[in-house]
Structure formats: structure tokens, C-alpha cells
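1. Just the structure for this:
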Amino acid sequence: QVQLVESGGGLVQAGDSLRLSCVASGRTFPAWYTMGWFRQAPGKEREFVARIRWSGDNTYYADSVKGRFTISRDNAKTTVYLQMNSLKPEDTAVYYCAVLRSAQITTSPSAYDYWGQGTQVTVSS
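-> Below you'll find the model as predicted:
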């Protein structure tokens, strides 16, 4: 059973930074698995933010966060991070990490197999 636990959310001001963490446990992930970060604002659909292969390469970002957010992983800690800089009020959402159990390249939330419980990020103007 895969478990994903996010942390690092909080209330910040526009322009500030946050680093989200997602600790994965429950099994050993093959290198081709994909870890993704998604977010969901009130009244909106869940949207893709960033993804990375479990091997640590092949990163990809949504246009809305490109140049501001960086996804990375720590092999030893089985942790995936989302460094968020220059935060904007429109980044306010619950942020989720997820695992895709295949080599498929997709940003669709419905394709991902396991999800964490989410962590709230609120950016004030």
C-alpha cells in the first residue's frame, strides 16, 4: 500500500517562498514511475503543477508556474519537493502529490494512481 504525506503548506504573502514535501512509503518505486504535484482551488478543478520521474529526471511544469516552481526528489529520503518562489495570490490552493504507476507522459489527474491528503497554501496580496 502506497502512502503519500504532504507537508510544508502555510499562509504567506505575495512574493514569498514555500517548499512543499511529499514523503512516499509503502513500496519501492521503479525509476519510470512519475511523481506529480497538483493543486485545487475552491470551486475549481484539480490542475497539474509539475511532475518528475522517480529516477529524478524528466521534469515538466505547467506554464503558470514555469520559472517560479522547481520539482525535485531526494533518493535517500524517498521525498519529492516542490520549491515555490515568487508566490502569487492565484497560487492559493490545496496542493497534492500523486504517483503514476507507469511510464506514461500525462498531466491528467485521472491517470494518477495514488494521492496524498493535500496541504493548504494560501498567498495573501
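2. what's near enough to touch the residue most central in space within the chain?
-> When Cα atoms, centre = their mean is applied to the chain, the residue found nearest the centroid is Trp37 (2.1 Å). Going by Cβ atoms under 8 Å, 6 or more residues apart in numbering, Trp37 touches 20, 22, 49-51, 71, 80, 82, 95-98. Using the backbone N, CA and C atoms, a C-beta is placed for each residue, glycine as well.
3. Any idea what it is bridged to?
-> Taking DSSP bridges, one obtains Ala50, Cys97 as the residues bridged to Trp37.
4. Make residue 1 into 38 and carry on from there
-> All right, first residue 38 from here; so that's Trp74.
5. Phi, psi for Ala148 please.
-> Per-residue torsions, Ala148: phi -80, psi -20 (degrees, to the nearest 10).
6. could the contacts of Trp74 go into CSV alongside pLDDT and distance to Gly153?
-> As requested, the contacts of Trp74 are exported to CSV (pLDDT from 0 to 100; distance: Cβ to Cβ, whole Å):
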residue, pLDDT, distance to Gly153
Leu57, 98, 10
Cys59, 96, 6
Val86, 98, 13
Ala87, 97, 15
Arg88, 95, 14
Ile108, 96, 15
Val117, 94, 10
Leu119, 98, 12
Tyr132, 98, 9
Tyr133, 98, 6
Cys134, 97, 5
Ala135, 96, 7
